[in-house]
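Q: Model the structure of this input:
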Amino acid sequence: MQDSLFLGDTLNFTTSVPDYLPTDGWTLKFRLIPRTSGSAITLTSAQDADDSSLHRTQVSAATTATWTAGIFNWASWVEYSGESYSISSGVITLRADPRTTTAPYDLRSDAQIALDQARAAFAAWSPTTRSYTIAGREMEFNSPAAIIEVISYWENQVKAEQNVADMAAGMKNRRKIMVRLGRA
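A: Next up is the predicted model:
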């Protein structure tokens, strides 16, 4: 399962569960449970047409367009002949469709928003203006150095998100440090 989906996009992915193959009759299911509002969503996979050892989960763009935007916890499990086994779980963000939304909409991640707010607080800091809202929290800074600590934290969070996105796109991990040892 991916980390995010724009509502109105097709959801289409395969999952490998080697111990519970679709060819043996196992069905993989996912349940998305909203953290705040909306209804739970249940997805059922089918055997992939190209590789019979994979479970394929597909949901049309028309169907995802009807879902509610928000952060959802998800869990997956397999079923067959009255048996059921949990497989994995995670979090997915269902994002409003930027092609159709009429409300203001920010495509940045929560970490990027917090980083931008912290940088704005640093730029605006003065001995008389010390209170700012960052990531939904009211914060007061006694010095610019205190804001720099917050900026550093959010920069690391944004870099981690970018690293995950790069790896999902098949790019190399930027955090790997390669060392070559040789004889002197």
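
Q: Okay, buried residues for the longest strand seen in the chain please.
A: Ranked by residue count and defined by DSSP state E, the top strand of the chain is strand 83-95. Within strand 83-95, the residues that count as buried by 16 or more other Cβ atoms under 10 Å are Ile87, Ile92, Thr93, Leu94, Arg95. From N, CA and C alone the C-beta is placed, and that goes for glycine too.

Q: same deal with stretch 30-44?
A: Phe30, Leu32, Pro34, Gly38, Ile41, Leu43.

Q: all strands for this protein, in order.
A: 4-6, 11-16, 27-34, 41-44, 46-47, 54-59, 70-80, 83-95, 131-134, 137-140.

Q: and of these, who's closest to Trp125?
A: Nearest to Trp125 among the strands of the chain is strand 131-134 (8.1 Å), distances taken as Cβ to Cβ.

Q: just checking, what packs against that closest one?
A: helix 110-124, strand 137-140 (3 or more Cβ pairs under 8 Å, 6 or more residues apart in numbering; DSSP states H and E).

Q: Make TSV from these and add mean neighbour count to it.
A: Formatted as TSV, the helices and strands packed on strand 131-134 follow (neighbours: other Cβ atoms under 10 Å):
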stretch	mean neighbour count
helix 110-124	17
strand 137-140	10
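
Q: Nearest to Trp154, out of the ones you listed?
A: Per Cβ to Cβ, nearest to Trp154 of the helices and strands packed on strand 131-134: helix 110-124, 3.8 Å.

Q: Now the weakest link among the helices and strands packed on strand 131-134, please, by mean pLDDT.
A: Mean pLDDT is lowest for strand 137-140 among these, at a mean of 82.

Q: quick one on the thing from earlier: can you check which of the helices and strands packed on strand 131-134 gets nearest to Glu79?
A: The nearest among those, by Cβ to Cβ, is helix 110-124 at 34.4 Å.
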